[in-house]
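1. give me coordinates for this.
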Amino acid sequence: MKIVMIYDQIQAGAGIKDDHMVPLGLNKGVVGPAIMMEPYLKRVNGNVLACLYSGDGYYKENKEEVSRKLCAMVTKLQADIVICGPCFDYKGYAQMAAEVAADINAKTDARAFAAMAEECEEVIAAYKDKVRIVKMPKKGAPGLNQALEGMCELAYAMAKREDEDALAKKYCY
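-> Okay, the predicted model is just below:
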């Protein structure tokens with residue numbers, strides 16, 4: 001299963017919380033939270049091809065361009081699954097993740113979902129019926145490993161198109 005991760009500047013290691021205007025970029029291979037996901041990815045034969053990223057402010061000011069380029073990169077990489085997150089409780093990143101996941105599902109052959117904490121309630125309410133959103137803790141809260149495992153299990157189910165609804169009930173909002 002070929003996976004692309006979509007991060008904000010923080011998760012990609014390209015900037016800090018206040019560096020909202022980091023332009024679109026790419027890290028080949030595994031960086032950020034994908035490193036913590038590796039044991040769970042191995043169980044489902046998942047391989048992270050690349051981690052794409054954009055500052056949430058840069059995305060907000062250039063939505064069409066960033067989304068178009070992310071969709072093009074996902075298509076070029078021939079990803080099966082795109083994981084937009086984990087966003088934790090970063091609301092700007094959560095908004096970007098939900099919108100980009102919806103665009104990827106609509107415009108590419110890949111299947112995408114987002115992952116965020118309940119503190120992102122406005123984004124969850126607006127998008128939970130449009131895109132799968134995996135429940136996860138806010139930054140520093142317990143439950144991260146279970147959320148990462150759930151993300152990997154859902155990714156596998158979505159790629160295989162098996163048990164997807166059952167796992168979504170277990171792990172998603």
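
2. enumerate the positions of stretch 100-119 that are buried.
-> By 16 or more other C-beta atoms under 10 Å, the buried positions in stretch 100-119 come out as 100-105, 108, 110-117, 119. (Each C-beta comes from the backbone N, C-alpha and C, glycine too.)

3. one more: stretch 26-37?
-> For stretch 26-37, the neighbour count (16+ other C-beta under 10 Å) marks 27, 30-34, 37 as buried.

4. got the contact list for Val48?
-> 3-5, 29-30, 34, 37, 41 (C-beta atoms under 8 Å, 6 or more residues apart in numbering).

5. still on that earlier bit, taking the buried residues of stretch 100-119 one by one, which sit in strands?
-> Judged by DSSP state E, strands contain the following of the buried residues of stretch 100-119: 111-116.

6. circling back to that earlier point, could the buried residues of stretch 26-37 be laid out in CSV, adding distance to Met21, pLDDT and secondary structure?
-> Compiled in CSV, those are given as follows (distance: C-beta to C-beta, whole Å; pLDDT from 0 to 100; DSSP: H, G, I helix; E, B strand; the rest coil):
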residue, distance to Met21, pLDDT, secondary structure
Asn27, 18, 93, strand
Val30, 25, 93, coil
Val31, 20, 94, coil
Gly32, 19, 94, coil
Pro33, 22, 94, helix
Ala34, 24, 96, helix
Met37, 27, 97, helix
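
7. from those residues, which is closest to Lys130?
-> For the buried residues of stretch 26-37, the closest approach to Lys130 (C-beta to C-beta) belongs to Pro33, at 23.1 Å.

8. can I get the buried residues of stretch 26-37 in TSV with distance to Arg132?
-> As requested, these are exported to TSV (distance: C-beta to C-beta, whole Å):
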residue	distance to Arg132
Asn27	24
Val30	22
Val31	23
Gly32	20
Pro33	17
Ala34	18
Met37	17
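
9. pick the one among the residues you listed closest to Glu65.
-> Distance to Glu65 across the buried residues of stretch 26-37 (C-beta to C-beta) is lowest for Asn27, with 19.8 Å.

10. what residues are up against the closest one?
-> When the contact criterion is C-beta under 8 Å, 6+ apart, the partners of Asn27 are 12-13, 50-51, 53.
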